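In: just to be clear, the model below is a prediction. Sequence and coordinates:
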Amino acid sequence: MDHELWPSGGLRVLVIDNNSSYLSVMEELLIKCSYKVTTYKNVREAMSFIYGNQRIVDLIICDAFFPTEDSLLILKEVTSKFDIPTVIMSSNGDTRTVMKYITNGASDFLIKPLRIEELKNIWQHVFRKQIGAEHRNYNDAQHVDQLSYRTMGITKVTATLDSEIRENNGTVTDIRDLKKSRLSWTMQLHRQFIAAVNFLGVDKAVPKKILEVMKVKHLTREQVASHLQKYRLHLIRNSTQTLHKDDTPSSSSHPSPNESSILRTQLNSSADSLYIDRDGCMEITDYSLPRDDLSSGSNCMLGERNNYSPEGFQDFRWDPADKQGSETTYLWNFEAE
DNA sequence: TTAGCAATAT
DNA sequence: CATATTGCTA
């Protein structure tokens, strides 16, 4: 299962991690980056594989896990004997640890969880090492050409990666690369959420069912629940606004004891007719996307928290609050009217 | 077992 | 700030 000879093609990456599920995630991601992947759960087997196949390993990615510092051993061994660039990954990124590995020859140190973005670029370590070697010796043009040819192939692939990997026909099917540490509810993902909710009917939409309808891999019930919770909050808040307008001109009471439950029922009664259209899709057509987006709607995901929107896109916002009359995007005003 | 909610944590 | 987690009730 672990052993599988590499076909020709992309760079050949050996991944070592004691966590099998993470190992398979890594494998999947790396394959998407068109690397050839071999995985091992333990250092010893990996080492013997390297010894036996020295020539066909271009890059090693090794978790810093093992308490016995096996990862450090493999690092030293591999860098001194085979000169294979080695990337260490760990969920712990404290400076001391990083230093330890870098000073011992690691080409890079990546913090888990890894995103595909980071993996797309690891080929550069192979390239660097090769360049370095060539500098020391003399030109082996052929080798360089071969190498750059390969890396060119990879970059070509990665150019379209953003749009190809995360979505299928503009539909999010997996959230693993939508999250760094927490999930980012992007427009698209949110749309799907809304679609699911509307499909089920606002009053029948519960986390579990929403989850089923959405069909997004690795999305958890809790995440949906959390989102749903906030979603409802906004629905309520919005409806209070509209209701206050024409409901009671000479109002009397204010948000009191069980006000919210009342509002909620009112909401539900009107909701079905409001949000669902004949084919089960909502007519939410007016979440105003930033015009510049939509077409380039591939980089519309993830990023650091709330900062930055490098001329591209931003995540949606829940609140219509026109803070500073900004370009803030919010897509819950399908209340329209 | 899950939903829903509020408070709280990250 | 947005999202996650927790503790509690139903």
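Out: Everything's here; your move. These figures come from a predicted structure and were not determined experimentally.
In: contact residues of the stretch 51-200 of chain A facing DNA strand C?
Out: Listed as neighbours of DNA strand C in the stretch 51-200 of chain A under the rule Cβ under 7 Å from any atom of the strand: A:Lys179, A:Arg182, A:Leu183, A:Ser184, A:Trp185. Every C-beta, even on glycine, is put in place using the N, C-alpha and C of the backbone.
In: need the per-residue pLDDT for the second one.
Out: Looking back up the chat, that one is A:Arg182. A:Arg182 is assigned 70 on the pLDDT scale.
In: what of the last one?
Out: Reading off the confidence values, A:Trp185 has pLDDT 80.
In: quick one: it is in a strand?
Out: No: A:Trp185 sits outside any strand when classified using DSSP: H, G, I helix; E, B strand; the rest coil, being coil.
In: OK, contacts around A:Lys204?
Out: Not one residue lies near A:Lys204 by Cβ atoms under 8 Å, 6 or more residues apart in numbering.
In: mean confidence (pLDDT) on stretch A:117-135, please.
Out: The model assigns stretch A:117-135 a mean pLDDT of 74.
In: could you pull up the contacting residues of the residue of chain A found nearest DNA strand B?
Out: Nearest residue of chain A to DNA strand B, counting by Cβ to the nearest atom of the strand: A:Lys208, 2.8 Å away. Residues near A:Lys208 by Cβ under 8 Å, 6+ apart: A:Arg221.
In: would you map the helices across the stretch 1-150 of chain A?
Out: For the stretch 1-150 of chain A, the helices defined by DSSP state H, counting those that start in this stretch occupy A:20-32, A:43-52, A:70-81, A:95-103, A:116-120, A:123-136, A:141-159.
In: just want the angle from the fourth one to helix A:70-81.
Out: For helix A:95-103 against helix A:70-81, the angle by axes from the mean of the first three to the mean of the last three Cα atoms, to 10 degrees is 30 degrees.
In: A:Asn94: how many residues sit nearby?
Out: Quick fix: residue A:94 is Asp, not Asn. Per other Cβ atoms under 10 Å, the neighbour tally for A:Asp94 reads 9.
In: thinking again about what came up before, now the residue of chain A closest to DNA strand B, what's its secondary structure?
Out: helix.
In: how much space between it and A:Leu219?
Out: 12 Å (Cβ to Cβ, to the nearest Å).
In: and A:Leu110, by the same measure?
Out: Applying Cβ to Cβ to A:Leu110 and A:Leu219 gives a distance of 24 Å.
In: tell me which of the two has more neighbours.
Out: Taking other Cβ under 10 Å, A:Leu110 and A:Leu219 do not tie; A:Leu219 has more neighbours (24 against 20).
In: so the more buried one sits in a strand?
Out: No: A:Leu219: not assigned to a strand; according to three-state DSSP it is coil.
In: ok so, going back, which one of the helices of the stretch 1-150 of chain A has the poorest average confidence?
Out: Among these, helix A:141-159 scores lowest, at a mean of 38.
In: circling back to that earlier point, ok, of the residues of the stretch 51-200 of chain A next to DNA strand C, which one's closest to A:Arg237?
Out: A:Trp185 (17.5 Å; Cβ to Cβ).
In: the closest one reaches A:Phe193, doesn't it?
Out: Yes: taking Cβ atoms under 8 Å as the definition, A:Trp185 is a contact partner of A:Phe193 at 7.4 Å.
In: tell me which parts of chain A are close to DNA strand B?
Out: Checking chain A against DNA strand B by Cβ under 7 Å from any atom of the strand, the hits are A:Val206, A:Pro207, A:Lys208, A:Lys209, A:Arg221, A:Ala225, A:Leu228, A:Gln229, A:Arg232, A:Ser260, A:Arg264.
In: pass me the low-pLDDT residue ranges in the stretch 151-300 of chain A, would you?
Out: For the stretch 151-300 of chain A, the stretches flagged by pLDDT under 70 are A:151-181, A:239-300.
In: repeat the analysis, applying 90 as the threshold.
Out: Within the stretch 151-300 of chain A, the stretches with pLDDT under 90 are A:151-206, A:208-223, A:227, A:229-300.
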